[in-house]
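Engineer: Any chance you can model this:
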Amino acid sequence: MLIESTLRDYCKSKTINPNKFDQAKLSFIQILNLSQAFKGDLENEKWLWETLKNINTLRNQIAHQLENQESLKSNKRKLFQSFNPRGLLEIDKDKASDLYLLKHIIVGTYASLAIELH
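Structural biologist: Numbers count the residues shown, from 1 in each chain. This is a model prediction of the structure:
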């Protein structure tokens, strides 16, 4: 929700009539696409947009309680790979829980997003 709120505030700041923006009731992915349209590709931070999309995919899968475990594992792997595209982070996934990894990915992504959008 913090990431979505940050993206919404960014998009809203680019509008002439913020009230109409609020009335649009845009989804997270629509807000993400608008943010990317306004900001551009972020040449040095391409991983950021991909990570945000992957966070949304995983969030939706968990929120809607989809039972496909293989799909869940695949989406978690995609999220981690998008956050760590060059493999610079060395994390023992057997020792770190999914919740621990997800929390740190979200915090790191939010911090990068806040820097890029301001």
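Engineer: what comes up buried for stretch 69-80?
Structural biologist: By neighbour count with 16 or more other CB atoms under 10 Å, stretch 69-80 contains the buried residues 75-76, 78-80. C-beta: built from backbone N, CA, C; applies to glycine.
Engineer: all helices of this structure, in order?
Structural biologist: Using DSSP state H, the helices assigned to the chain run over residues 2-13, 18-23, 28-39, 46-63, 69-83, 98-117.
Engineer: pLDDT on the shortest one, on average?
Structural biologist: Along helix 18-23, the predicted local confidence has a mean pLDDT of 90.
Engineer: Any chance you could list what contacts that helix?
Structural biologist: Residues outside helix 18-23 that contact it (CB atoms under 8 Å, 6 or more residues apart in numbering) are 11-12, 15.
Engineer: Mind pulling up the pLDDT for the residue nearest to residue 41 when sequence neighbours are not counted?
Structural biologist: The shortest distance from residue 41 to any non-neighbouring residue, by CB to CB, 6 or more residues apart in numbering, is to residue 49 (7.7 Å). According to the prediction, residue 49 has pLDDT 85.
Engineer: ditto for the one 10 residues further on
Structural biologist: Per-residue confidence (pLDDT) for residue 59: 78.
Engineer: gap between it and residue 38?
Structural biologist: Per CB to CB, to the nearest Å, residue 59 is found 22 Å from residue 38.
Engineer: Residue 9 is in contact with residue 35, correct?
Structural biologist: No: taking contacts as CB atoms under 8 Å, residue 35 lies outside contact range of residue 9: 10.1 Å.
Engineer: low-scoring stretches of this structure, by residue?
Structural biologist: Low-confidence segments of the chain (pLDDT under 70): 42-44, 63-68, 84-101, 104.
Engineer: 90 - rerun?
Structural biologist: The model of the chain has pLDDT under 90 over residues 1-7, 10, 18, 22, 25, 33, 35-118.
Engineer: which residue is nearest the middle of it?
Structural biologist: The chain has residue 52 as the residue nearest its centroid, 1.8 Å off, counting by CA atoms, centre = their mean.
Engineer: Could you find the closest non-adjacent residue to that residue?
Structural biologist: Distances taken as CB to CB, 6+ apart place residue 32 nearest to residue 52, at 5.6 Å, with adjacent residues excluded.
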